[in-house]
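> I'd like to go over a predicted model; first the sequence, then the structure.
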Amino acid sequence: MCFSGGPTCAVIALKCPHIRVTIVDLNQARIDAWNSSDFNLPIYEPGLEDVVRKARGRNLFFSADVDKGIQDADLIFVSVNTPTKKSGVGAGFAADLNYVELATRRIAATATSSKIVVEKSTVPCRTAESMRTILDANSKPNARFDILSNPEFLAEGTAIDDLFAPDRVLIGSLQTQEGKEACAALAEVYQNWVPKERILTVGLWSSELSKLAANAMLAQRISSINALSAICEATGANIAEVAHSIGQDSRIGPKFLRASVGFGGSCFQKDILNLVYLSESLNLKEVAEYWKQVVTMNEYQKRRFSKRVVDTLFNTITGKRIAVLGFAFKADTGDTRESAAITLIRDFQQERALVNIYDPQVESNQIWADLSEASPDVPLAAIQRQVFICPSALEACKNAEAVIIATEWAEFKTIDWQAVYAGMNKPAFVFDGRLLVDADKLRSIGFNVTVIGRGERL
């Protein structure tokens, strides 16, 4: 099950006490975590535990019995991971729809009555067509299927708030009588708490493409402000001031104009690469090149930041200890997918630095798995001779030459920076990749501070 499935269905159960919601997963360990007595849920999301506590056992249930879940349901959300393909045709760009196909075949093989099947996963345009072909070819007598697209527009860290008060709920259907009736049935569920005017009903293909387009547009804004941050550093301008100035323009607005070491997460890069692949397959080469540049700029920003660390530390970090604060791709989530921290740490490893890591939410085994994947030719034992996971920010900074702020966790604002400075080698450096700390205050303590998007020229 992908990230959005659990929170979405939990909120539906909370808001619709008359509807029985069963979340099924083949992974028994994940189901056990959802059902745990201490509510040690398999994903961290502010507010989620509260929702599960109120609805679990009432009309919200978690089970590894996938077939029973299919049999009992009138409406089935397909919410599975669609990672970027790592091999074969379209490797590095196209979405891997293996889990979508497996889920679709399981539904066809198991269902003995008619169902509404809803795409919740982010998928390429016209995936519903493939799902329909599989369902129609394998369905049992008296079982017919209507397919809807109902993409999520959730931001990790604020997903519960986003679900409680969404900007819009998008439902795509075939414009047949049956398709419109299925669409109305799903809309009726959301109308239990979402104002009717915020429920948008569109064509199936428009809905599928809208999710990719939304994430591409948001990522484009981040890459645009990050590109400007490089100019700021070279000219002495301040990216925070530039972003504030342009964000006051009502045509632009202030959101997603915060420069950083680069975007991460499960969606932005994956969805843009998916859009690039779609454009290329439609022979729209210029369109593909345009969207590819968003990802190129993101990778450039990460490389540029790690190079600035090396350059500032007298052109070498070999044998030096670097503290990396934050490993999640952003604050208020334990998700590490495509996190900028992974790229930075890999670069520091290649420079033969020693790296201390602290993150308040990410589990150690996840950190080791991500670093192993980032350096597949380096044995884990060798990585663990260079990289160390610490129980606190203060511990991570001890005896370090430099501190890297890679994730904007609120607690990093309130660290005892005086104590951090006392425990570091001198000169002590701070590199703020998230525009988080008070640079002047840290300089008054004695730190050399480098802030992304801020040039030193007067």
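Thanks, I have it.
> roughly how far apart are the closest residue to residue 73 other than its chain neighbours and residue 230?
Closest residue in space to residue 73, ignoring its immediate chain neighbours: residue 115 at 6.6 Å, by C-beta to C-beta, 6 or more residues apart in numbering. From N, CA and C alone the C-beta is placed, and that goes for glycine too. Using C-beta to C-beta, to the nearest Å, residue 115 is found at 51 Å from residue 230.
> buried stuff in the helix or strand of the chain with the lowest mean pLDDT?
Sorting the helices and strands of the chain by mean pLDDT, DSSP states H and E puts helix 127-138 at the bottom, at a mean of 91. Neighbour counts using 16 or more other C-beta atoms under 10 Å place 127, 128, 131, 132, 134, 135 of helix 127-138 among the buried residues.
> Skip the chain neighbours and tell me the closest residue to residue 142.
residue 113 (6.6 Å).
> That neighbour: neighbouring residues, count only.
Residue 113 sits with 12 neighbouring residues when counted by other C-beta atoms under 10 Å.
> Next, find the distance separating it from residue 449.
Taken as C-beta to C-beta, the spacing of residue 113 relative to residue 449 amounts to 64 Å.
> thinking again about what came up before, convert the C-alpha atoms of the least confident helix or strand of the chain to PDB, please.
Output of helix 127-138 as PDB, limited to C-alpha atoms (Å, rounded to 0.1, in the frame of the first residue of the first chain):
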ATOM      1  CA  THR A 127      -3.700   3.300 -17.200                       C
ATOM      2  CA  ALA A 128      -7.400   2.800 -16.500                       C
ATOM      3  CA  GLU A 129      -7.700   1.500 -20.100                       C
ATOM      4  CA  SER A 130      -5.200  -1.300 -19.200                       C
ATOM      5  CA  MET A 131      -7.000  -2.000 -16.000                       C
ATOM      6  CA  ARG A 132     -10.400  -2.300 -17.800                       C
ATOM      7  CA  THR A 133      -8.900  -4.700 -20.400                       C
ATOM      8  CA  ILE A 134      -7.500  -7.000 -17.600                       C
ATOM      9  CA  LEU A 135     -10.800  -6.900 -15.600                       C
ATOM     10  CA  ASP A 136     -13.000  -7.500 -18.600                       C
ATOM     11  CA  ALA A 137     -10.800 -10.400 -19.800                       C
ATOM     12  CA  ASN A 138     -10.700 -12.200 -16.400                       C
END
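> packing partners for it?
With contacts defined as 3 or more C-beta pairs under 8 Å, 6 or more residues apart in numbering; DSSP states H and E, helix 127-138 has these neighbours: helix 98-110, strand 115-119, strand 145-149, helix 204-235.
> relative to strand 115-119, how tilted is the last one?
Compare the direction of helix 204-235 with that of strand 115-119 by axes from the mean of the first three to the mean of the last three C-alpha atoms, to 10 degrees and you get 20 degrees.
> quick one: average pLDDT of helix 204-235?
Average pLDDT, helix 204-235: 96.
> Could you do the first one as well?
Over the span of helix 98-110, the pLDDT mean works out to 94.
> Might one say that the residue nearest to residue 142 is in contact with residue 144?
No - the pair residue 113 and residue 144 does not pass the contact test of C-beta atoms under 8 Å, sitting 9.0 Å apart.
> one step back: so can I have a markdown table of the helices and strands packed on helix 127-138 showing mean neighbour count and distance to residue 391?
What follows is the helices and strands packed on helix 127-138, written out as a markdown table (neighbours: other C-beta atoms under 10 Å; distance: least, C-beta to C-beta, whole Å):
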| stretch | mean neighbour count | distance to residue 391 |
| --- | --- | --- |
| helix 98-110 | 18 | 35 |
| strand 115-119 | 23 | 42 |
| strand 145-149 | 24 | 44 |
| helix 204-235 | 19 | 31 |
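> Of the ones you listed, which is nearest residue 170?
Between residue 170 and the helices and strands packed on helix 127-138, the shortest gap by C-beta to C-beta is with helix 204-235, which sits at 5.5 Å.
> Which SSE is immediately downstream of that closest one?
Past helix 204-235, heading to the C-terminal end, the next element that is a helix or strand (DSSP states H and E) is helix 239-247.
> tell me the helices in the stretch 301-450 of the chain, going along the chain?
Defined through DSSP state H, counting those that start in this stretch, the helices belonging to the stretch 301-450 of the chain, from first to last, are 340-350, 364-374, 380-386, 393-397, 417-423, 439-445.
> Counting by contacts, list what the shortest one packs against.
With contacts defined as 3+ C-beta pairs under 8 Å, 6+ apart, the packing partners of helix 393-397 are strand 321-325, strand 354-358, helix 417-423.
> Quickly compare the ones you listed and say which is most buried.
strand 321-325 (a mean of 26; mean count of other C-beta atoms under 10 Å).
> Give me the angle between that strand and helix 340-350.
Direction vectors for strand 321-325 and helix 340-350, defined by the same axes, to 10 degrees, enclose an angle of 170 degrees.
> any idea how far strand 321-325 is from the chain center?
How far strand 321-325 lies from its chain's middle: 23 Å, per C-alpha atoms, centre = their mean, to the nearest Å.
> What pairs with it, parallel or antiparallel?
Sheet pairing for strand 321-325, assigned by DSSP bridges, gives strand 354-358 (parallel), strand 402-405 (parallel).
> Just the CA coordinates for the shortest one, please, in PDB.
Meaning strand 402-405. Coordinates of each C-alpha in strand 402-405 appear next as PDB, following Å, rounded to 0.1, in the frame of the first residue of the first chain:
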ATOM      1  CA  ALA A 402      30.700  21.200  10.100                       C
ATOM      2  CA  VAL A 403      26.900  20.900  10.600                       C
ATOM      3  CA  ILE A 404      24.600  20.400   7.600                       C
ATOM      4  CA  ILE A 405      20.900  21.200   8.000                       C
END
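> Pull the number of nearby residues for residue 53.
Around residue 53 there are 12 other residues, counting by other C-beta under 10 Å.
> and if you look at the one 5 residues further on?
By other C-beta under 10 Å, 12 other residues sit near residue 58.
> picking up where we left off before, any chance of the helices and strands packed on helix 127-138 in JSON lines with distance to residue 401 as columns?
Rendered in JSON lines, the data for the helices and strands packed on helix 127-138 read as follows (distance: least, C-beta to C-beta, whole Å):
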{"stretch": "helix 98-110", "distance to residue 401": "44"}
{"stretch": "strand 115-119", "distance to residue 401": "49"}
{"stretch": "strand 145-149", "distance to residue 401": "51"}
{"stretch": "helix 204-235", "distance to residue 401": "21"}
